[in-house]
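A.B. asks: need a 3D model of the sequence below.
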Amino acid sequence: MKKKILILLMSLITSGLFAVSLSELRIVADDGTFLGTFEDEYSKNSIYNGYGTYGSPYNTKSIFNQYGNYGSDYSKYSPFNSYSSNGPWLVDKKGNSYGRLSTNRYAQGVTDYSYKLALRLKALRDSM
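C.D. replies: Residues are numbered from 1 along each chain as shown. Below is the predicted model of the structure:
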C-alpha cells in the first residue's frame, strides 16, 4: 500500500500539481553531499556562480567539474553519467524530493522534468 501511495505522489509531482520554483530546489548527491542551489549567480551556494564552490568548473563539489566525482561523464554520482543509477536528487528545504537529476532517463527516481533539466545542465557544463 505504501508503495502505491509513493508512486501516486511521484506522479502528482511530475505532473506539475506540486510545482515549486527551481530557485527553491537544491542538489544533493546520492552520498549525501550538498552540491548547490539554483539561486541567482550572486549566491555563494548557486551552481550559476562560476566563482563559487558549486558553480566552478574546478571545484570538487561542482557538477560542472568534468573530472570530479559529481560532474564527470563516468562517475557514478554525476548527473551526466548516462549509465549511472546514483545521480543526485533535487530536493527542497524540507527534504521533499523532486526527482533524481540524471541523463539516465531509466534510473529509478528520474522524472521527465529532472531528466530534461540534467540535459540542459550538461549542455551548460560542456559550453564552459
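
A.B. asks: I'd say residue 110 and residue 98 touch.
C.D. replies: No - at 11.1 Å, residue 110 and residue 98 do not qualify as touching, with contact defined as CB atoms under 8 Å. All C-beta spots, glycine's among them, are computed from the backbone N, C-alpha and C.

A.B. asks: show me the shaky parts of this structure.
C.D. replies: Within the chain, the ranges that satisfy pLDDT under 70 run 1-19.

A.B. asks: now the residue with the shortest distance to the centre of it: how far from residue 51?
C.D. replies: Centroid-nearest residue in the chain, with CA atoms, centre = their mean: residue 101, separated by 3.7 Å. Plainly put, residue 101 is 22 Å away from residue 51 if you go by CB to CB, to the nearest Å.

A.B. asks: other SSEs contacting the lengthiest helix in the chain?
C.D. replies: Determined from DSSP state H, the single longest helix within the chain is helix 112-126. Here helix 112-126 touches strand 97-100, going by 3 or more CB pairs under 8 Å, 6 or more residues apart in numbering; DSSP states H and E.

A.B. asks: could you redo the last one with a cut-off of 10 Å?
C.D. replies: The elements that helix 112-126 packs onto, with contact taken as 3 or more CB pairs under 10 Å, 6 or more residues apart in numbering; DSSP states H and E, are helix 2-14, strand 89-91, strand 97-100.

A.B. asks: please look at residue 26 and residue 92 and confirm they touch.
C.D. replies: Yes - using CB atoms under 10 Å, residue 26 is in contact with residue 92, at 7.4 Å.

A.B. asks: looking at these two, which is more packed in?
C.D. replies: residue 26 (21 against 14; other CB atoms under 10 Å).

A.B. asks: ok, residue 62 - contacts?
C.D. replies: Going by CB atoms under 10 Å, 6 or more residues apart in numbering, residue 62 touches 35-36, 47, 50, 52-56, 68, 70-71, 125.

A.B. asks: go with 7 Å
C.D. replies: Residue 62 makes contact with 53-56, 68, 70-71, according to CB atoms under 7 Å, 6 or more residues apart in numbering.
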